[in-house]
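S.K.: My questions concern the predicted model and sequence given below.
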Amino acid sequence: MKKNTEIVNKVDAAGLITVDMADLLVLGPRKKIDLADWLEEGLIIREASFKKQLEDYNWQAYLNCYVAIGCSKDVIIPPWSYPLIQMKLRNIAMQVFFTDLETMEIVLFQKKLNTLSFKKYINKRVFLKVCNNENVPLGCLSLCIDAFAPHVKSLFYGEPCSSIPLIKN
């Protein structure tokens, strides 16, 4: 008698689908512009001197980057300062956000998540893999749960070898 030595992938045979959340991260460099660096005396942005700084600044450092514009200091920033910077980055940066880096990451993740077709996940057991070394913000997990829950039979956090059930429909 000859034994069958074929290795069977039990995960594939069980119809389990693993979604690596890192695959939903938008590729490209990220940079932050901290308006605290542009404050006069650490307190205020004055229009005339601010516009002069904008003219003298090297914007090419942001070429093909996703840019978050925010302020690390607790001061009042005039709302017009953000779009003035954005206009300088027009046709240089990939995209500009008026927020912090983590929120920018979540918005980029949401945009990519919105492009997914959920047809292949209908009534399937889906695992949201977040166990790798990528920096996936926690808010992205919430977005995935909202997006996948209406379509799947079961939703799990982790991988088939070590998971926590989130939803069982």
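M.R.: That came through fine. Because the structure is a prediction, the values reported are computed rather than measured.
S.K.: How far off centre is the lengthiest helix in the chain?
M.R.: Identified as the longest helix of the chain according to DSSP state H is helix 101-113. Taking CA atoms, centre = their mean, to the nearest Å, one finds the center of helix 101-113 at 3 Å from the center of the full chain.
S.K.: Repeat that for stretch 43-51.
M.R.: Per CA atoms, centre = their mean, the centroid offset for stretch 43-51 relative to its chain is 32 Å.
S.K.: What sits closest to the residue most central in space within the chain if chain neighbours are left out?
M.R.: Closest residue to the average C-alpha location of the chain: residue 105 at 2.9 Å, with CA atoms, centre = their mean. With CB to CB, 6 or more residues apart in numbering as the criterion, residue 105 has its nearest non-adjacent residue at 5.3 Å, and that residue is residue 137. C-beta: built from backbone N, CA, C; applies to glycine.
S.K.: Surely that neighbour is in contact with residue 109?
M.R.: Yes - counting by CB atoms under 8 Å, residue 137 touches residue 109, with 7.4 Å between them.
S.K.: Next SSE downstream of the lowest-mean-pLDDT helix or strand in the chain?
M.R.: Least confident helix or strand of the chain, by mean pLDDT, DSSP states H and E, is helix 10-13 with a mean of 60. Using DSSP states H and E, the helix or strand that follows helix 10-13 in sequence is strand 16-20.
S.K.: Sort out which residues of that following strand are buried, please.
M.R.: By neighbour count on 16 or more other CB atoms under 10 Å, the buried set for strand 16-20 is 16, 19, 20.
S.K.: Could you do stretch 94-103 as well?
M.R.: Those would be 94, 95, 96, 97, 98, 99, 100, 101, for stretch 94-103 by 16+ other CB under 10 Å.
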